[in-house]
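> Could you work out the structure for the sequence below:
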Amino acid sequence: MTGETTPARIETTWLTLPDLVEVLGEPLGRVRRLLDESHLIASRRTGKLAVPEVFLVDGHPLSSLRGTAIVLHDAGFSDDEAIDWLLEHDASIGMPPIEALRQGRKSEVRRVAQTLA
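Coordinates of the predicted model:
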């Protein structure tokens, strides 16, 4: 690759609550509890409440997402801001934070998130 390019935001499918019920194999009440307890983060930016599909691994919420979401919320981030930060390239991590979480680098991601407060 020649020239410098700005790393792009992760493109992801957005899953509505009915989609999550199907993908997770859980009743709607349990899906809402996963949202309430920050196991998943949702947004209404697509019209209906939806979660980026990249927040799921093998049909389950990414385990390291909850603690990271809590750190971001403690730093004053709204759900939309937290989602944006997780999906955007972060120079200090060298990739979008959600990719680093999916690679098992939760401590590094949370350290960076704590500096955002």
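
> Tell me how far E108 lies from T68.
Using CB to CB, to the nearest Å, one obtains 11 Å as the distance from E108 to T68. C-beta: built from backbone N, CA, C; applies to glycine.

> Mind checking which of these two has more residues around it?
Neighbours were tallied for E108 and for T68 using other CB atoms under 10 Å; the higher tally belongs to T68 (24 against 16).

> Could you report the pLDDT at the more buried one?
On the pLDDT scale, T68 is placed at 97.

> And it, its phi and psi?
Here the main-chain torsion angles of T68 (degrees, to the nearest 10) amount to phi -70, psi -40.

> Next one: it from A82, what distance?
8 Å.

> likewise E53?
Plainly put, E53 is 16 Å away from A82 if you go by CB to CB.

> So those two - more neighbours on which side?
The residue with more neighbours, out of E53 and A82, is A82; 23 against 13, by other CB under 10 Å.

> do you know how far that one is from L15?
Using CB to CB, one gets 17 Å for the distance from A82 to L15.

> and if you look at A8?
Summarising the geometry, the distance separating A8 from L15, computed by CB to CB, is 21 Å.

> Settle it for me: which of the two has more neighbours?
Neighbours were counted for A8 and for L15 using other CB under 10 Å; L15 has more, 23 against 10.

> residues touching that one, list them.
V23, A50, V51, P52, E53, L56 (CB atoms under 8 Å, 6 or more residues apart in numbering).

> Give me the three-state assignment for V54.
Using DSSP: H, G, I helix; E, B strand; the rest coil as the criterion, the local structure at V54 reads helix.

> Spatially nearest residue to it, not counting backbone neighbours?
Closest residue in space to V54, ignoring its immediate chain neighbours: T12 at 4.3 Å, by CB to CB, 6 or more residues apart in numbering.

> Please report phi then psi for the one you found.
phi -150, psi 150.

> isn't it right next to V51, touching?
No. In terms of CB atoms under 8 Å, T12 does not count as a neighbour of V51; the distance is 9.4 Å.
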